[in-house]
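J.: sequence plus the predicted model coming up.
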Amino acid sequence: MKIAFVSPFPPTRHGIGTYTNYLYRALSRIVPGNEFLVAADSWARRTTTANLSVVPCFALAETLEEGQEAEYAEGVVRAVSDFAPAVVHVQHGASVFYPDERFLGLLEGLRQQAKLIVTLHAVYTELATDWQGPAIGFAEFNRRLGSVADAIVVHQPSMKEALIEQGVNARCVFVIPHGTKILGQVDSTEARRSLGLPEDGRIVLSFGFFKENKELLIAAFPYVLKEVPDAFLFFSGYAREWVPEDAERRRDYEAKSVELGVRDHVIFTTRFIPDTEVDVVFGAADVAVFPCFQEEPSASGSLHLALGAFKPVVVSRTPKFEEVWTEISDEVAFDANSPQEVARILVRVLRDDDFRQSIVARVERYALRTSWDVVAQEHLRLYEALLLN
């Protein structure tokens, strides 16, 4: 089968690009004869291998200047048309393509080439907190998307429910969990040594890029240190050069840690940590914590890396992490506005060995159920079903 993706792609540092790379690799493993195209972002590297062609042909929305509207449909459709796929699978997030008429026009063009699947990595509603919204409105955008695509893939039941509430036909929406990369188990001491972390302390990991919600963790840390004085908060995320807010937030976090008297227990990475070292980062951690204020249904690739490392996770009780409290444990979910509550749960994970081990066991079971090979099989079944219709 010839499968075309429209997505960011490594070496571009983008979560959806990483997602597509994992999905492509898993599909290659389970059916070696498949051929793939990635119609990729302009920062990707043009590549041709035995089963993969990468053709850079569009600019990421998050790299555009305010008011700039890049036209991309013609280039993407041309790349896909030249490949002549059976299926074209578009990965959508607001940082990749603005949800506007241009994107809907792209889908119209792609639908003429092959069966069309769109994965929505977030379902935007009136509760959206990180996007001002397209002129046509979220509900209309999603309804029109649903009328063009042969299938919409989302990662959690709440995402499907939100689309149905907006008027999207339930029969074209498929829930496929975000995939989990099962990471190699590394020696904790060696991992900490390589990252310059305290070898004997308790490491609370905050993984991923800088966002406004992570200040909560610094606010929580004085409470953590009262009970676990050898705890350290490690921000492994990188301040992206093309997102000025990242560097500003990092400076704000440093200032806040000084203000609260915990600066000696807050560690920031000094370099971008590539995918090849992700297992080292999680191997160094005792627990991974994920705060989020966003109310729109979505999913988290960073969370699934923690799951794949079989690490205990502590998450905010927001739709982005619903799979944790529904599939793993309700006891590791905290109010996103309560530093005291996140501190209480972190302390319990760090001090209560029985509780910690019960969470790790549940994490491992869920990680294996959502491994990339399992998720790729679900995608393949969807592709094959669409081709029969």
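T.: Structure received. Numbers count the residues shown, from 1 in each chain.

J.: hey, let's count contacts and neighbours off CA atoms from now on
T.: OK.

J.: contacting residues for the residue nearest the centre of the chain?
T.: The chain has residue 301 as the residue nearest its centroid, 2.9 Å off, counting by Cα atoms, centre = their mean. Residue 301 is in contact with 15, 19, 178, counting by Cα atoms under 8 Å, 6 or more residues apart in numbering.

J.: in TSV, list these along with pLDDT, secondary structure and distance to residue 224.
T.: Below are those laid out as TSV (pLDDT from 0 to 100; DSSP: H, G, I helix; E, B strand; the rest coil; distance: Cα to Cα, whole Å):
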residue	pLDDT	secondary structure	distance to residue 224
15	89	helix	30
19	96	helix	33
178	97	coil	31
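
J.: near residue 43, how many other residues are there?
T.: When neighbours are counted by other Cα atoms under 10 Å, residue 43 registers 17.

J.: now do the phi/psi pair for it.
T.: phi -90, psi -10 (degrees, to the nearest 10).

J.: quick one: secondary structure of the spatially closest residue to it that is not a sequence neighbour?
T.: Of all residues not flanking residue 43 in the chain, residue 12 sits nearest, at 5.8 Å (Cα to Cα, 6 or more residues apart in numbering). Assigned with DSSP: H, G, I helix; E, B strand; the rest coil, residue 12 falls in the coil class.

J.: next, give phi and psi for residue 12.
T.: phi -60, psi 130.

J.: list the residues that contact it.
T.: 41, 43, 44.

J.: quick check: pLDDT value at the second one.
T.: Think residue 43. Looking at residue 43, its pLDDT reads 92.

J.: surely it and residue 57 touch.
T.: No. With contact defined as Cα atoms under 8 Å, residue 43 does not reach residue 57; the gap is 9.2 Å.

J.: mind listing the helices for the chain?
T.: 15-30, 73-83, 101-111, 138-148, 157-165, 188-195, 215-227, 244-259, 278-283, 301-308, 322-327, 339-351, 353-369, 372-388 (DSSP state H).

J.: residue 126 is nearest to which of the ones you listed?
T.: helix 138-148 (7.4 Å; Cα to Cα).

J.: CSV for the helices of the chain, including distance to residue 201?
T.: Putting the helices of the chain into CSV (distance: least, Cα to Cα, whole Å) gives the following:
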stretch, distance to residue 201
helix 15-30, 30
helix 73-83, 49
helix 101-111, 48
helix 138-148, 46
helix 157-165, 38
helix 188-195, 10
helix 215-227, 12
helix 244-259, 18
helix 278-283, 14
helix 301-308, 19
helix 322-327, 26
helix 339-351, 11
helix 353-369, 16
helix 372-388, 32
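
J.: tell me the pLDDT at residue 243?
T.: For residue 243, the model assigns a pLDDT of 68.

J.: in this protein, what secondary structure element scores lowest on mean pLDDT?
T.: Lowest by mean pLDDT, DSSP states H and E among the helices and strands of the chain is helix 244-259, with a mean of 83.

J.: got the angle for it vs helix 215-227?
T.: Orientation check (axes from the mean of the first three to the mean of the last three Cα atoms, to 10 degrees): helix 244-259 against helix 215-227 gives 30 degrees.

J.: check which helices and strands helix 244-259 is in contact with.
T.: The contact analysis (3 or more Cα pairs under 8 Å, 6 or more residues apart in numbering; DSSP states H and E) places helix 244-259 against helix 215-227.

J.: CA atoms of the helix it packs on as PDB?
T.: Provided in PDB are the C-alpha atoms of helix 215-227 (Å, rounded to 0.1, in the frame of the first residue of the first chain):
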ATOM      1  CA  GLU A 215       4.900  27.800  36.800                       C
ATOM      2  CA  LEU A 216       2.500  25.800  39.000                       C
ATOM      3  CA  LEU A 217       5.300  23.200  39.600                       C
ATOM      4  CA  ILE A 218       7.700  25.900  41.000                       C
ATOM      5  CA  ALA A 219       4.900  27.200  43.200                       C
ATOM      6  CA  ALA A 220       4.400  23.600  44.500                       C
ATOM      7  CA  PHE A 221       8.000  22.900  45.200                       C
ATOM      8  CA  PRO A 222       8.300  24.600  48.600                       C
ATOM      9  CA  TYR A 223       5.600  22.200  49.800                       C
ATOM     10  CA  VAL A 224       7.400  19.200  48.300                       C
ATOM     11  CA  LEU A 225      10.700  20.200  49.900                       C
ATOM     12  CA  LYS A 226       9.100  20.300  53.400                       C
ATOM     13  CA  GLU A 227       8.400  16.600  53.100                       C
END
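
J.: mind listing what's buried in that helix?
T.: The neighbour-count check on helix 215-227 (16 or more other Cα atoms under 10 Å) flags 215, 216, 217, 218, 219, 220, 221, 222, 223, 224, 225 as buried.

J.: quick check: closest non-adjacent residue to residue 126.
T.: In this structure, residue 126 finds its nearest non-sequential neighbour in residue 138, 7.4 Å apart by Cα to Cα, 6+ apart.

J.: ok, that neighbour - contacts?
T.: Contacts of residue 138 by Cα under 8 Å, 6+ apart are 124, 125, 126.

J.: can you rerun that using 10 Å?
T.: Residue 138 makes contact with 99, 100, 123, 124, 125, 126, 128, 144, 163, 166, according to Cα atoms under 10 Å, 6 or more residues apart in numbering.

J.: so how far is residue 50 from the residue nearest to residue 43?
T.: Distance of residue 12 to residue 50, computed by Cα to Cα, to the nearest Å: 22 Å.
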